[in-house]
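Participant: Any chance you could fold what I've pasted below:
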Amino acid sequence: MAIQLISLNPLLSSPTKQNLVHIQCRNSIFLPRRSQLNVTAAASVPWEDRLPANAVRRKRDPSWRGGFSLGVDLGLSRTGVALSKGFSVRPLTVLELRGQKLELRLLDIAEKQEVDEFIVGLPKCSKGRETEQSNKVRSVAGRLAVLAAERGWRVYLQDEHGTSAEALDHMIAKGLGKSARAGEIDAYAAMKVLERYFSRCGEGVELVVPKQLEVQNKLLKGPPKDADFYPE
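Facilitator: Numbering: from 1, shown residues only. Have a look, this model is predicted:
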């Protein structure tokens, strides 16, 4: 997938090194959390400080009890989904959907489970380089990020290398039979993506930021506050 460079500063007539970001798809930009840029005109606070991931919040405050996460393991025909609520991480379901139907179903699950972030597994090789499948995952994650941001939800990419093997070992150790493993391995792989994300306290994940400013503002605003966590 072609990468386009754009300037985030409308006052500059030509892009400079400090004002360039990589555009990975038509709808969204992918910003490494250590180098995120705030594209709002009002402030220059990095995205990582404005929108800390749940794993980062938990590291800063172990007693923090808000924020649920949905793990997503995207495949060619099957997508595994896992859920984290507090310190509990579990496989949830396997979806045999693609395209817009998949994205809308993920949003529906997120709403029902009251999550506020998606952790999407990004395929990489053993040397840490991205693969051909990585571009496809980025494309889906980009579209999902636009839809999620409309609700104030965040989408992150997490290195998933080796999580399928970890999921298989976990299922064998749990005593699941061959048939059960074949039907549920994608959901367990999504669970392993979530476990890695939390074990690393969000280190190395990428925040997927929609490039439309009006959508970014909704992302910054976040979801409506839950009265159970934020009583008036």
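
Participant: low pLDDT regions in this protein?
Facilitator: For the chain, the stretches flagged by pLDDT under 70 are 1-43, 48, 226-232.

Participant: Just give me the longest helix of it.
Facilitator: helix 178-199 (DSSP state H).

Participant: then that one to PDB, C-alphas only?
Facilitator: Extracted C-alpha coordinates of helix 178-199, given in PDB (Å, rounded to 0.1, in the frame of the first residue of the first chain):
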ATOM      1  CA  LYS A 178      -9.300 -31.100  18.200                       C
ATOM      2  CA  SER A 179     -12.800 -30.000  17.100                       C
ATOM      3  CA  ALA A 180     -13.100 -27.400  19.800                       C
ATOM      4  CA  ARG A 181      -9.700 -26.100  19.000                       C
ATOM      5  CA  ALA A 182     -10.500 -25.700  15.300                       C
ATOM      6  CA  GLY A 183     -13.700 -23.800  16.100                       C
ATOM      7  CA  GLU A 184     -12.400 -21.500  18.800                       C
ATOM      8  CA  ILE A 185      -8.700 -20.900  18.100                       C
ATOM      9  CA  ASP A 186      -9.300 -17.500  16.600                       C
ATOM     10  CA  ALA A 187     -11.000 -16.200  19.700                       C
ATOM     11  CA  TYR A 188      -8.200 -17.600  21.900                       C
ATOM     12  CA  ALA A 189      -5.700 -15.900  19.600                       C
ATOM     13  CA  ALA A 190      -7.600 -12.600  20.200                       C
ATOM     14  CA  MET A 191      -7.300 -13.300  23.900                       C
ATOM     15  CA  LYS A 192      -3.500 -13.700  23.600                       C
ATOM     16  CA  VAL A 193      -3.400 -10.400  21.700                       C
ATOM     17  CA  LEU A 194      -5.100  -8.800  24.700                       C
ATOM     18  CA  GLU A 195      -2.900 -10.500  27.200                       C
ATOM     19  CA  ARG A 196       0.300  -9.300  25.400                       C
ATOM     20  CA  TYR A 197      -1.100  -5.800  25.300                       C
ATOM     21  CA  PHE A 198      -1.700  -5.700  29.000                       C
ATOM     22  CA  SER A 199       1.500  -7.500  29.900                       C
END
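
Participant: Now residue 163: closest residue in space that isn't a chain neighbour?
Facilitator: residue 192 (3.9 Å; Cβ to Cβ, 6 or more residues apart in numbering). C-beta: built from backbone N, CA, C; applies to glycine.

Participant: got a list of what the one you found touches?
Facilitator: 160, 163, 164, 166, 167, 170 (Cβ atoms under 8 Å, 6 or more residues apart in numbering).

Participant: The same query, at a cut-off of 6 Å, please.
Facilitator: 163, 166, 167 (Cβ atoms under 6 Å, 6 or more residues apart in numbering).
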